[in-house]
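In: need coordinates for the below:
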Amino acid sequence: MHRLLSSLIALAGSLAAPVALAGPLEDLRARSPEQEVIYFVLPDRFENGDPSNDAGGLKGGKLATGFDPTDKAFYHGGDLKGLAARLGYIQNLGATAIWVGPIFRNKPVQGPKGGESAGYHGYWITDFTHVDPHFGTDADFKALVDAAHARGMKVYMDIIVNHTADVIQYREGAAEGYPYRSKADYPASAYTPFVPRGEERVKAPAWLNDPAYYHNRGNTDWKGESAQLGDFVGLDDLATENPRVLEGMIAIYGDWIDKYGIDGFRIDTAKHVNPEFWRAFVPAMKARAAAKGIPNFHIFGEVMTGDYDPALLASWTRNAGLPGVLDFAFMHAVLKAAGGGSSEELARLPDDDGLYEGGASAALQLPTFLGNHDAGRAAMFLKAANPAMSADELLKRDELAHAMLLTLRGVPTIYYGDEQGFTGAGGDQLSRQDMFASKVAIYNGEALVGSAKTTATESFDPAHPLYRLIAQLSVLRVKTPALTDGRSVTRAASEKPGLVAVSRFDPATGREVLLAFNTSTAPVSAAVAVDPASLSFATLAGTACAARASAPGSVRVDLPPLGFAVCAAKP
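Out: Sure, this is the predicted structure:
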């Protein structure tokens, strides 16, 4: 493996000659990952820029084309031209990088009879080398990347190496599906795989059509070895420990870097792939990007956790060599605190950051978020914590959570639609609403946070209170080094609703920025410890800060219910 790794990295570096940077790209390439604000979007659900590609060039009904804008489980018509047309909306929100959901060609429809759904989300790939026609063309993707770069915005691709679409079938019939068969019980072969007639060459590159490059052990039960060797809900699980698969995936994704000059990868289902794969893949991609003139290529993997578990997240940076992971621990901690629960987990974050490979400084590049397309939206979690809360309280708690997201450590990641008050009733399909005028009844029946409108009309309102707050704090963040690169010190937290306070420090000057949040529905007034050198303060955002410290090392904080303040110590 070590010899293979060295040769693959050398190859990756040699395939693309370094390029001289000039113009808008120069500043963009120089930014490190922690200096970004990311906007995550599923192209199918964002904007329809070209209705002629709604059916992906396919003929027939929804089960052939995958297109049905009234069904939450099918394609709705959003595409890359639509996303490119709305770059101004995203940039005005304060986002500096766009994480684009998978755009590769997918199996249009799969699933058992009566339970079919479409690959609108992009995670059922058949062709890893081209854009899915439902989203447009390869040229459309190039145009999107170029347009984003011209605005000084980065583009991150969502990639998959764990699996492909469900194409391979097994000779052994099973009424209960195909339960996982372990290596101990079936050391040679667990099932007899075959490819149905007509699908023998559906995957690209061509080597992906060979069942020998898959595990073929049946569906994962999410435990033990099956978490890495089992089929992900029927999806064909690649044998990523096979050198041919490693070589093939490096070639596939290296080509996307070479052709389009993208700025990073979000890696789907990263924890379902053997760590050794990542230890080879990540350096190869970094080398490929560096050869293309992209020194700050951002790579972060999905390691989903059901609760606050930074140790599990950190293990994948240490054992697998992933530079970053999506910070599910942050999500759980912030939503618990902003929802009126304990803030003790949030208080632990600065100390727990030492668990990551590279320590607290490395933790600065972890993408932080409040909800996503799998788990569900922030507003849904906040509402679930107190179903009886008023609409006004829900808005204030949503704003409070976003204030935390945009000022605490990590790379803030906004899930599309959260800035327009989307709520949803669950994860997966229930959290993937349309930004353009929706025809899905369940979406249009949902109350939005901070707005009396519904998703039946387009949702690109720059006057929405959440949009305005996010825009304000995003601008503040990117121009305040303490908020992008600064170390964190917890000043106040409690197991009950109340004051949460964190200090962050400018890495160059040591200047302190105090962040104070009130998670309760009553006013808070308290003395908070600060650096003795912080004697006077300016208000950067939120409630007015005390102009001067009460005494060296202490400042008074007064916050309204569910309020916050960002207070910068003056030189």
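
In: switch to C-alpha atoms for all contacts and neighbour counts from now on
Out: Will do.

In: sketch out the low-pLDDT regions of the stretch 301-450 of the chain for me.
Out: For the stretch 301-450 of the chain, no stretch has pLDDT under 70.

In: and the helices in it, which stretches?
Out: For the stretch 301-450 of the chain, applying DSSP state H, counting those that start in this stretch gives helices covering 310-318, 328-338, 344-352, 359-363, 378-385, 391-407, 441-444.

In: distance across stretch 197-204, terminal residue to terminal residue?
Out: End-to-end distance of stretch 197-204 (CA to CA, to the nearest Å): 17 Å.

In: show residues contacting it.
Out: Stretch 197-204 is touched from outside by 126-129, 167, 209, with contacts defined as CA atoms under 8 Å, 6 or more residues apart in numbering.

In: including distance to P295 and mean neighbour count, could the helices of the stretch 301-450 of the chain go into JSON lines?
Out: Formatted as JSON lines, these follow (distance: least, CA to CA, whole Å; neighbours: other CA atoms under 10 Å):
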{"stretch": "helix 310-318", "distance to P295": "20", "mean neighbour count": "20"}
{"stretch": "helix 328-338", "distance to P295": "27", "mean neighbour count": "25"}
{"stretch": "helix 344-352", "distance to P295": "27", "mean neighbour count": "19"}
{"stretch": "helix 359-363", "distance to P295": "16", "mean neighbour count": "19"}
{"stretch": "helix 378-385", "distance to P295": "33", "mean neighbour count": "21"}
{"stretch": "helix 391-407", "distance to P295": "25", "mean neighbour count": "23"}
{"stretch": "helix 441-444", "distance to P295": "41", "mean neighbour count": "18"}
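
In: same list, these, but as JSON lines with distance to G417 please.
Out: Converted to JSON lines, the helices of the stretch 301-450 of the chain look like this (distance: least, CA to CA, whole Å):
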{"stretch": "helix 310-318", "distance to G417": "26"}
{"stretch": "helix 328-338", "distance to G417": "17"}
{"stretch": "helix 344-352", "distance to G417": "25"}
{"stretch": "helix 359-363", "distance to G417": "26"}
{"stretch": "helix 378-385", "distance to G417": "11"}
{"stretch": "helix 391-407", "distance to G417": "13"}
{"stretch": "helix 441-444", "distance to G417": "12"}
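
In: of those, give the one that comes closest to T484.
Out: Closest to T484 of these, according to CA to CA: helix 391-407, at 8.2 Å.

In: can you pull out the low-pLDDT segments for the stretch 151-300 of the chain?
Out: Short version for the stretch 151-300 of the chain, where the test is pLDDT under 70: 175.

In: strands of that one, residue ranges please.
Out: With strands called from DSSP state E, counting those that start in this stretch, the stretch 151-300 of the chain shows them at 154-159, 169-170, 193-194, 264-267, 298-301.

In: pairing partners for the fourth one, with directions?
Out: Translated: strand 264-267. The pairing partners recorded for strand 264-267 under DSSP bridges are strand 154-159 (parallel), strand 298-301 (parallel).

In: what's the closest of these to A184?
Out: It's strand 298-301; of those, that one is closest to A184 (CA to CA) at 29.4 Å.

In: quick revisit: export the strands of the stretch 151-300 of the chain to TSV and append columns for distance to K62 and mean neighbour count.
Out: Putting those into TSV (distance: least, CA to CA, whole Å; neighbours: other CA under 10 Å) gives the following:
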stretch	distance to K62	mean neighbour count
strand 154-159	26	23
strand 169-170	23	18
strand 193-194	27	17
strand 264-267	29	24
strand 298-301	33	23
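
In: reformat those as CSV; add distance to T65.
Out: Output for the strands of the stretch 151-300 of the chain, formatted as CSV (distance: least, CA to CA, whole Å):
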stretch, distance to T65
strand 154-159, 23
strand 169-170, 22
strand 193-194, 25
strand 264-267, 27
strand 298-301, 31
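
In: thinking again about what came up before, can you put the strands paired with strand 264-267 in TSV and add distance to E446?
Out: TSV is the format used below for the strands paired with strand 264-267 (distance: least, CA to CA, whole Å):
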stretch	distance to E446
strand 154-159	28
strand 298-301	31
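
In: can you tell me the closest non-neighbouring residue to A568?
Out: Nearest in space to A568, with sequence neighbours left out and distances taken as CA to CA, 6 or more residues apart in numbering, is V513 at 4.3 Å.

In: quick check: beta-bridge partners of that neighbour?
Out: According to DSSP bridges, beta-bridge pairing links V513 with R504, A568.

In: how close does A375 get to G427?
Out: From A375 over to G427 (counting by CA to CA), the distance is 5 Å.

In: ugh, typo on my part, it should be Q91
Out: 26 Å.

In: who has more neighbours, these two?
Out: More crowded of Q91 and G427, by other CA atoms under 10 Å: Q91, with 19 against 16.

In: could you say which helix or strand holds that one?
Out: helix 87-92 (DSSP states H and E).

In: now do that helix: distance to the chain's middle.
Out: 18 Å (CA atoms, centre = their mean, to the nearest Å).

In: rewinding a little: which of the strands paired with strand 264-267 sits closest to W256?
Out: strand 154-159 (9.2 Å).

In: for that closest one, list the C-alpha coordinates in CSV.
Out: Extracted in CSV, the C-alpha atoms of strand 154-159 (Å, rounded to 0.1, in the frame of the first residue of the first chain):
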residue,chain,number,x,y,z
LYS,A,154,-15.1,28.9,-4.4
VAL,A,155,-16.9,25.8,-5.5
TYR,A,156,-16.9,22.5,-3.6
MET,A,157,-18.0,19.3,-5.2
ASP,A,158,-20.0,16.6,-3.2
ILE,A,159,-18.3,13.3,-4.1
